[in-house]
Every structure is written in C-alpha cells, then in structure tokens.
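**Q** Could you work out the structure for the sequence below:
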Amino acid sequence: MSETSRGSAPLPPSSPADPGVESVAADLAAVVGRLLRRLRSSSADSLLTPSQRSVLARLQDGGPATTAALARAELVRPQSMRLTLGALESQGFVTRAPDPADGRKSVVSITEDGSTTLAGVRAAKRNWLAEAIAAELDGPERRTLAEAVELIGRLVDK
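**A** Predicted coordinates for the structure are as follows:
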C-alpha cells in the first residue's frame, strides 16, 4: 500500500533502501529544528534575540528597508518590528534616515557595529558547526554530508 499526501497524487511505496517521503520529511524537519537551536545557542553571548539577528541579517544581505517592509519580510506586525528596531538602534546596530523617495518614511540601515556583531554571530555558528563536524564525522561521512547539503539546497531553492 502506498503512502499518500493530503489531496495529492499517491506517494511511492517505501522500502528499507528507499524510505517513505513523509518519514524522511518528518525526520529532516526535526533534525533541522535541532540544528537551528544548537546554532542559536552557539552564539548566545551576542546579546541579540533571534528576531534581532534575523533583522540585522536581512538589512546586511538586502540593504536598507522601511519598518513596514521589514515587518512584512519577517512576518511580524509593524509595532513588533518597531520594538525590535528600537532595541537595535539603542545598541547602535542600526540607524534611521529619511526615505529619499518619501520624506514621511524612514529607512533603516545596518551600522558598522551591527555588521561586526552579525559577523561575530555568524562566525560563532560556523565555528561550532565546523568543530562538531570535525569531531564527529570521518572523511566518507563528511562527503555524504556535503552531498546531503547539496540536496537540501535544491529543496530550499526550488
């Protein structure tokens, strides 16, 4: 009997050599969740909340943005984004300037201190992960992990 997904075509049957897609999806989601929690805890001394780190990364990677645009991108209310930005601004990690297209709005940008802090957070995460890989995986396992990273990238970039 084949597995099925809600409202879609039947899924291929599973076997020991080819586990069912729903099982793989559930296991992958659980492991990725645990990985994200470990990565967050590896940079806990940064004194940034996860939402603050996410906003800094968005500003660094995507450039200046309005509060409303950041709120939409982060899937939060504008009031919540204003609080997050206020905390980042008080730490000197972001700055506001008038929007050149509409003087009634302001545009938020990451500061040099914000970029430095974000780089430290990212480095702490990479360092923890690199040390864990070096300590736990041998050469063939690292190659398998590299292949899995490529496959996961395909899923995410789809």
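**Q** Phi and psi next, for Arg104.
**A** phi -80, psi -20 (degrees, to the nearest 10).
**Q** so who does the spatially most central residue of the chain touch?
**A** Taking C-alpha atoms, centre = their mean as the criterion, Ser54 is the residue nearest the geometric centre of the chain, at 7.1 Å. Each residue near Ser54 by C-beta atoms under 8 Å, 6 or more residues apart in numbering is listed here: Glu74. Every C-beta, even on glycine, is put in place using the N, C-alpha and C of the backbone.
**Q** One more: Ser115?
**A** By C-beta under 8 Å, 6+ apart, the contact set of Ser115 is Gln60.
**Q** Likewise for Asn127?
**A** Shown in contact with Asn127 (C-beta under 8 Å, 6+ apart): Ser42.
**Q** Can you give me the pLDDT of it?
**A** Asn127 carries a pLDDT value of 94.
**Q** buried sites along the helix or strand where it lies?
**A** Applying DSSP states H and E as the criterion places Asn127 in helix 112-136. Residues of helix 112-136 classed as buried by neighbour count (16 or more other C-beta atoms under 10 Å): 114, 117-118, 121-122, 124-125.
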